[in-house]
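Asks: My questions are about this predicted structure, shown below with the sequence.
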Amino acid sequence: VRGFIAERRTLALKLCEKYLKGKAEWDENTCAFHFWIKMKDVKTNHIKIYDRVPEYYPGYFFDKSDSEHILLCPASLRGGDLEGAVREIAGLQ
């Protein structure tokens, strides 16, 4: 299981670099099973996010005042779904 999670983490970080560089921030040191993506210069539309890809969660699920973060769980998404999720996040800007 650890190998699978590490593989998914690596893929997620590559996809974030590819699609979100300059649009969002994330801390690679805290990425394991899940990690937070902070959108730059945009307040996320939580309903839009959750309606389109329910496998990732807007920050307001955990803190009602958080409108900048998205929680991404790479290990819970299949390969193609992970890329689609990151592209969807990139399209929020």
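Replies: Ah, there it is. All figures in this text were calculated on a predicted structure; none of them were measured in a lab.
Asks: Summarise which helices and strands the lengthiest helix in the chain is packed against.
Replies: In terms of residue count, the longest helix belonging to the chain (DSSP state H) is helix 2-20. Under the contact definition 3 or more CB pairs under 8 Å, 6 or more residues apart in numbering; DSSP states H and E, helix 2-20 sits against strand 35-39, helix 79-90. Where C-beta positions appear, they are placed from N, C-alpha and C, glycine not excepted.
Asks: if we go to 7 Å?
Replies: Here helix 2-20 touches helix 79-90, going by 3 or more CB pairs under 7 Å, 6 or more residues apart in numbering; DSSP states H and E.
Asks: Report the inter-axis angle for the helix it packs on versus helix 2-20.
Replies: Taking axes from the mean of the first three to the mean of the last three CA atoms, to 10 degrees, one finds helix 79-90 and helix 2-20 inclined to each other by 40 degrees.
Asks: Please save the CA atoms from helix 79-90 in CSV.
Replies: What follows is helix 79-90, C-alpha atoms only, in CSV (Å, rounded to 0.1, in the frame of the first residue of the first chain):
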residue,chain,number,x,y,z
GLY,A,79,-4.8,7.6,-12.8
GLY,A,80,-7.0,9.3,-15.5
ASP,A,81,-9.3,10.7,-12.9
LEU,A,82,-6.4,12.3,-11.0
GLU,A,83,-5.2,14.1,-14.1
GLY,A,84,-8.8,15.2,-14.9
ALA,A,85,-9.2,16.4,-11.3
VAL,A,86,-6.0,18.5,-11.4
ARG,A,87,-7.0,19.9,-14.8
GLU,A,88,-10.4,20.8,-13.4
ILE,A,89,-8.8,22.6,-10.5
ALA,A,90,-6.6,24.5,-13.0
